[in-house]
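Student: below are the sequence and a predicted model for it; my questions follow.
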Amino acid sequence: MICKKTVSFFVIIFWAVISFGQVKIPSKQTQTKTAPPKQTTTTKPAETKSTYTGPVHTLKVMSNVDCNIYVDGELKGTITDGNIARINLKLGEYQLKAVSTENSSDVFRQILKIEKTGIEKFYEVDLKTIAAERERREYSEQSYAEKNAAVEKAAREKAAAEQSAIQKANAEKAAREKAAAQQMLAEKKAAEKAAQESAAKEQTEAQRLAAEKAALEKAERQKAEAERLAIEKAAQEKAAREKAEAATLAAEKAAAEKAEAQRLAAEKAAAERAAREKAEAERLVIERAEREKAEEEARRIAEEKAIEFSLNGFTVTDDFSDNKNDWLLENYNNKRMIIADSKFVAEGYLDNFSYKNLLNFPVNPSKDFEMEVNIQWIRGEEKNGFGIDFASNEATKSYYTFIIASIGYYSIIYHKNGTWEDIVKWTDSKYINRGNEVNKLKVEKQDDYLLFYANGELLEKIDWNGGFGSDFGFRIFDKQLVEYDDFLLKGIKNQ
């Protein structure tokens, strides 16, 4: 018993120490992802501004308990009523500590490595969990002490009761031995007296009768005692038999109930499995019918589109070995648009400008169309956008534009009434090649949707309510040099 208590005590102490040292690290999902650059008139990814003159990393610290925030032991702020503490840090390693203002024993610690600047990041401090662990640990220690005291008290009371019972048994034994000795002494005296009387009166008739009576009484007592012992033994044997029979009946009943419960459980499980299998079979039949119906509808639509394309479709390609499509070539002032080395070269010399080169094609933007081109960024600011215009209208200065940046971001924007607006803000993508690697951009209209691809991978699918016109071509933003190649445009002719 003592070993089990000792082991339990050390297990509780070990668990309390481990729990007291736990620190909740914010999960990857709760960390705020670095915001992609916001589209501006120059279409550069946005940069984070700060009151600090050099690059900083801004921590936004939240806590579910009012607390003081320390960085490397220096108080940086106090969080109350669920507000957020903003802390600016340079590159390096710091110790973040949050101390509850309700109980200074509740402390959150975290080592931070700042490896990037110019970003904001959320950190969540979970002091409620730390407080709950402390309270539970304190309660466990108090409960163990109370339980240990109760066990010791019960042991003392049991020992005292056992000692009292031993003393009582010894006293009863001494009393029985004393009574037996007194009885033996009395019997001895009586025998001596009888012998004396017998010798004195020569065994008179009275003495004979007394002896006979005494013998008779003794025999009757012995007989009565024997009968009593026999009755007690029979009663004990009967009680033992009844107890054994009751135990047997209880065991048989428990076994029968267990077997019945197992049978019912097996029947229920079999019925549930059959129901699930039936439901799954019905679901598969329905899904197969729906899939076949959808495939049939898709084939029908594809056949209709193929017929329409065979009647009214057209395809334009350009490898820029010459200027067969009559692109507008320019080389003056603030831009250069030329064909050189089988590439269409677009270069802007000034920032805060966009440079375009569009042609009007007989494309019906309400019908399905497809445009793709290979693009290679040569030099300039890495955050500047470049890409393609589609379904645009040069006359009304209304444009749809799909652009990327050489740092691996993409955006979808449109221009109307003199203002650029976001359809899809700057978004990071692993499918966009970085630096000077070639990227193949593709825009495809299918039914009521526009699909945007980079290097064969789907980036976005958006609803399409119709374009501005039938102008397609190229666009770059700000000061940079970009080359285009392998232009393709497919669509249905305007009727």
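Tutor: Okay, I see it.

Student: helices of this structure, start to end?
Tutor: For the chain, helices defined by DSSP state H occupy the ranges 2-20, 127-201, 205-312.

Student: ok, which of these comes nearest Asn360?
Tutor: Each of these has some distance to Asn360 by C-beta to C-beta; the shortest is helix 205-312, at 17.4 Å. C-beta coordinates here come from the backbone N, C-alpha and C atoms, glycine included.

Student: mean confidence for that closest one?
Tutor: Per-residue pLDDT over helix 205-312 has a mean of 83.

Student: just the angle for it relative to helix 127-201, thanks.
Tutor: Interaxial angle, helix 205-312 versus helix 127-201 (axes from the mean of the first three to the mean of the last three C-alpha atoms, to 10 degrees): 160 degrees.

Student: ok, back up a step: any chance of the helices of the chain in CSV, plus mean neighbour count?
Tutor: Putting the helices of the chain into CSV (neighbours: other C-beta atoms under 10 Å) gives the following:
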stretch, mean neighbour count
helix 2-20, 11
helix 127-201, 12
helix 205-312, 10
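
Student: between those, which gets nearest to Leu89?
Tutor: Each of the helices of the chain has some distance to Leu89 by C-beta to C-beta; the shortest is helix 127-201, at 21.3 Å.

Student: domain-wise, how is this structure divided?
Tutor: Taking automatic domain parsing as the reference, the chain has its domains at 2-133, 204-279, 319-492.

Student: buried deepest among those domains, which one?
Tutor: Most buried of the domains of the chain by mean neighbour count (mean count of other C-beta atoms under 10 Å) is domain 319-492; its value is a mean of 18.

Student: pLDDT at Val345, what is it?
Tutor: Note on Val345: pLDDT of 97.

Student: so it touches Ile476, yeah?
Tutor: No. In terms of C-beta atoms under 8 Å, Val345 does not count as a neighbour of Ile476; the distance is 10.5 Å.

Student: between the domains of the chain, which gets nearest to Ala161?
Tutor: Nearest of the domains of the chain to Ala161, taken as C-beta to C-beta: domain 2-133 at 20.4 Å.

Student: related to what we said a few turns ago, format the domains of the chain as TSV; extra columns: distance to Arg288.
Tutor: Compiled in TSV, those are given as follows (distance: least, C-beta to C-beta, whole Å):
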stretch	distance to Arg288
domain 2-133	36
domain 204-279	15
domain 319-492	24
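
Student: mean pLDDT lowest for which of those?
Tutor: domain 2-133 (a mean of 71).

Student: identify the contacts common to Val345 and Ile476.
Tutor: Residues touching both Val345 and Ile476 (C-beta atoms under 8 Å, 6 or more residues apart in numbering) are Val482.

Student: partners of Gly77 in the sheet?
Tutor: Each beta-bridge partner of Gly77 is listed here: Ile69, as defined by DSSP bridges.

Student: that one and Asn88 touch, don't they?
Tutor: No. The pair Gly77 / Asn88 is not scored as a contact, 11.3 Å apart, by C-beta under 8 Å.

Student: what about stretch 202-209, distance to the chain center?
Tutor: For stretch 202-209, the distance between its averaged C-alpha position and the chain's averaged C-alpha position is 108 Å (C-alpha atoms, centre = their mean, to the nearest Å).

Student: what do you get for stretch 217-231?
Tutor: In terms of C-alpha atoms, centre = their mean, the centre of stretch 217-231 is set 83 Å apart from its chain centre.

Student: equivalent analysis for stretch 83-95, please.
Tutor: With C-alpha atoms, centre = their mean, you get 27 Å for stretch 83-95.

Student: do the same with stretch 101-113
Tutor: In this view, stretch 101-113 has its centroid 24 Å away from the chain centroid, taken as C-alpha atoms, centre = their mean.

Student: got it, and stretch 160-170?
Tutor: Mean-position distance between stretch 160-170 and its chain equals 62 Å (C-alpha atoms, centre = their mean).
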